[in-house]
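Colleague: I'd like to go over a predicted model; first the sequence, then the structure.
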Amino acid sequence: MHGVRLSARQLNELELLRAGAYGAQAGYSLPAAGATAASAASLGSHVATLRIPDIAPGRVVTLLDSEATPVASVDVVDRRTSAAGTWIAGPVTMLREPALPPFPELRPSAFSDLAEDAVLLMGARAGQLAGTVIVMDEGDPSALSSTVRSLQRDGVEVRVLPRPAAEHVTGEAERELLEHLASVVCASTVVVKRGSDRAPGGGAVVLFTGLSGSGKSTIARQVTRRLRSEGTQRVTLLDGDEVRAMLSSGLGFSRADRELNVRRIGWVASLVASHGGMAVCAPIAPYASMRAEMREMAERAGRFVLVHVATPLEVCEERDRKGLYAAARRGEIKEFTGISDPYEAPVDADVVVGTDGESVEECAAAVVRYLTASSGGDYTI
């Protein structure tokens, strides 16, 4: 039996499944290829989906909560695998009650009737609101509590919509799906109001990814020095080697151990961001799925910026100060990224450096320029 720890939004999706948001039968479906706003309108995207990093042989997948407690199982009847992970489909059986989420009395399962009319708040609160307001649980308890308490002080009736992972849709298709879910479990008539897009924690996570020897740690240190000297935001550097020594000393280099290492970095970085700081991280992070998971954690607390240090493999091998590539070529190091284990180059990087032999200072300057331009001329969000 294969166990998968669910993210906060995946746990939200499981909650919506149990509340009947996707129909009477609780189960996951494979997403339609290339889901769009048009397909969402025809219910093609109104399904619960689950993408996991990998899948072991066998038909049953156990779903774990944030504390690694088994809460449900999926009898897998279909699957689709891509570079980002494996989508699975099949009926869901609950094993035990998950831990209570924030504001259980305001969530779909607490109401037997729909409200007549409600406003679905997209983003942080902006301006005065009245009547019934649907607030989305994005996975940040502090931000959710702040919004709910603020509305309740104004005499507003509040309902909470768990925001699902919904990784099969983006943009307008995602907005349409959320509006549909709100109309199924919260109110019969829903009007969308876009609030502020400002991230709840006011912080940021900057992830440098690249091959061993690409220079990502050196560039990250230079960026950190510049941000500390030129900006006002507190900056924390989480270097890959240092994190492995302090937080992940017992881990090896299998895919599962690498994913856990990056998950730990992402968790610490998101805590920094949730308190208004900026976390600069420099692991190899070779897999697209682990970077996506880190992005999700970070964006619940602040902004996420992905920097790809795209130094070519042959240049990295020439540097090879630690002799790692040579040892990997001789077969002495198993599962070495770029040699015997893949590096999945990101297609969603915000900044790409290192392709043309730029100096460390030039690469760092390009990253700082992006951070400054994309945050309104300040390092704060």
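Modeller: That came through fine.

Colleague: got the residue ranges for the strands in the stretch 1-150 of the chain?
Modeller: Using DSSP state E, counting those that start in this stretch, the strands of the stretch 1-150 of the chain run over residues 2-5, 27-28, 50-52, 60-64, 70-75, 78-82, 85-94, 115-122, 132-137.

Colleague: Mind listing what's buried along the fourth one?
Modeller: Using 16 or more other CB atoms under 10 Å as the burial criterion, the residues of strand 60-64 that qualify are V61, L63. Every C-beta, even on glycine, is put in place using the N, C-alpha and C of the backbone.

Colleague: Which secondary structure elements does it sit against?
Modeller: Packing partners of strand 60-64 (3 or more CB pairs under 8 Å, 6 or more residues apart in numbering; DSSP states H and E): strand 2-5, strand 70-75.

Colleague: Can you give the distance of the first one from its chain's centre?
Modeller: Meaning strand 2-5. Mean-position distance between strand 2-5 and its chain equals 17 Å (CA atoms, centre = their mean, to the nearest Å).

Colleague: Using a markdown table, lay out the strands of the stretch 1-150 of the chain together with distance to V223.
Modeller: Output for the strands of the stretch 1-150 of the chain, formatted as a markdown table (distance: least, CB to CB, whole Å):
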| stretch | distance to V223 |
| --- | --- |
| strand 2-5 | 31 |
| strand 27-28 | 40 |
| strand 50-52 | 31 |
| strand 60-64 | 36 |
| strand 70-75 | 40 |
| strand 78-82 | 32 |
| strand 85-94 | 30 |
| strand 115-122 | 32 |
| strand 132-137 | 33 |
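
Colleague: would you turn those strands into TSV with distance to H275 and mean pLDDT?
Modeller: Shown next, in TSV, are the strands of the stretch 1-150 of the chain (distance: least, CB to CB, whole Å; pLDDT from 0 to 100):
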stretch	distance to H275	mean pLDDT
strand 2-5	24	80
strand 27-28	35	94
strand 50-52	30	89
strand 60-64	27	91
strand 70-75	29	94
strand 78-82	35	85
strand 85-94	30	91
strand 115-122	24	90
strand 132-137	20	92
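
Colleague: out of these, nearest to E167?
Modeller: With CB to CB as the criterion, E167 lies closest to strand 50-52 of those, at 5.3 Å.

Colleague: Identify each buried residue in the closest one, please.
Modeller: For strand 50-52, burial by neighbour count (16+ other CB under 10 Å) applies to L50, R51, I52.

Colleague: Okay, now the sheet partners of it, with direction.
Modeller: Strand 50-52 sits in its sheet next to strand 85-94 (antiparallel), going by DSSP bridges.

Colleague: Determine the angle, from 0 to 180 degrees, between the strand it pairs with and strand 78-82.
Modeller: Angle of strand 85-94 versus strand 78-82, following axes from the mean of the first three to the mean of the last three CA atoms, to 10 degrees, is 150 degrees.

Colleague: What distance do you get for D113 to L120?
Modeller: D113 sits 18 Å away from L120, going by CB to CB, to the nearest Å.

Colleague: element containing R175?
Modeller: Element membership of R175, judged by DSSP states H and E, is helix 171-185.

Colleague: Around H168, how many other residues sit close by?
Modeller: Neighbours of H168 under the rule other CB atoms under 10 Å: 25.

Colleague: try G357
Modeller: Look at G357: counted by other CB under 10 Å, it has 9 neighbours.

Colleague: List the residues that contact it.
Modeller: Shown in contact with G357 (CB atoms under 8 Å, 6 or more residues apart in numbering): V315.

Colleague: do R9 as well
Modeller: E138, G139, R163, P164, A165, A166, E296.

Colleague: Which stretch among the helices and strands packed on strand 60-64 is buried most, on average?
Modeller: Mean neighbours per residue, mean count of other CB atoms under 10 Å, is largest over the helices and strands packed on strand 60-64 for strand 70-75, with a mean of 18.

Colleague: Parallel or antiparallel, which strands does that strand pair with?
Modeller: strand 60-64 (antiparallel), strand 85-94 (antiparallel).

Colleague: In TSV: these, plus distance to A282.
Modeller: Output for the strands paired with strand 70-75, formatted as TSV (distance: least, CB to CB, whole Å):
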stretch	distance to A282
strand 60-64	29
strand 85-94	23
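
Colleague: thinking again about what came up before, just give me the least confident of the contacts of R9.
Modeller: Ranked by pLDDT, the contacts of R9 bottom out at G139 (80).
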